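**Student:** What follows is a predicted structure for the sequence shown.
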Amino acid sequence: MENISEILYQKAKETRLNAYAPYSHYAVGAAIYTKSKKIYTGCNVENISFPCGTCAEAGAIAAMVAAGDNKIKAVLVVSDGKDLVYPCGACLQRIAEFGDNDTVIYLANMQEICKKHTLKDLLPYNFKEENIGK
Ligand code: THU
């Protein structure tokens, strides 16, 4: 997984260059590695109607699902803020839909990959299908 993280880092940085963030000026890139050993990327896409904007992770997940893939092994998120970007709560729930407790989440800035977490670290509890089971 360690050299995969470097590939994810390069791909996420590359995709971040296409971020559409004219309102926040905060460009984010994400790259997903799947069980089928494929990589999907996304960037944030903002909108003048602010709630319509989407996160980089959501874009990468949409690309993965559109390609017929759906088991997330790792996600890398990169931005260039003062503090490291952590996926928002909604994106953690999106990752949980297609990942598991051991799904790895790498956090990076423009210089390096700074942190490695599991989904369980960042979202110890999440809303699951069992919750709506009879
Ligand atoms: N953003 C992401 O794309 N991913 C995150 O994990 C956190 C926030 C975006 C949404 C918005 O376009 C910008 O960052 C500022 O909130």
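**Tutor:** That came in fine, so what should we check first?

**Student:** I'd like the distance between the closest residue to residue 34 other than its chain neighbours and residue 82.
**Tutor:** Nearest residue to residue 34, sequence neighbours excluded (CB to CB, 6 or more residues apart in numbering): residue 69, at 5.0 Å. (C-beta placed from N, C-alpha, C; glycine too.) From residue 69 over to residue 82 the distance is 34 Å, taken as CB to CB, to the nearest Å.

**Student:** more neighbours, these two?
**Tutor:** residue 69 (18 against 5; other CB atoms under 10 Å).

**Student:** Is that one in a helix, a strand, or coil?
**Tutor:** Using DSSP: H, G, I helix; E, B strand; the rest coil, the structure places residue 69 in coil.

**Student:** With residue 65 instead?
**Tutor:** Three-state call for residue 65 (three-state DSSP): helix.

**Student:** Sketch out the low-pLDDT regions of the protein for me.
**Tutor:** 1-2, 134 (pLDDT under 70).

**Student:** now the helices: where do they sit in it?
**Tutor:** For the chain, the helices defined by DSSP state H cover 2-16, 56-66, 89-98, 119-122.

**Student:** Excluding chain neighbours, what is closest to residue 71?
**Tutor:** Spatially, and ignoring its direct neighbours in sequence, residue 71 is nearest to residue 35 (3.7 Å; CB to CB, 6+ apart).

**Student:** what residues are up against the closest residue to residue 72 other than its chain neighbours?
**Tutor:** Distances taken as CB to CB, 6+ apart place residue 99 nearest to residue 72, at 4.0 Å, with adjacent residues excluded. For residue 99, the contact set (CB atoms under 8 Å, 6 or more residues apart in numbering) comprises 71-73, 75, 119.

**Student:** Return the residues of this structure in contact with the ligand.
**Tutor:** Contact residues (CB under 6 Å from any ligand atom) of the chain with the ligand: 21, 24, 26, 28, 44, 46, 53, 55-57, 77, 85, 87-88, 91.

**Student:** Most neighbours among the residues you listed, which one?
**Tutor:** residue 56 (29 neighbours).
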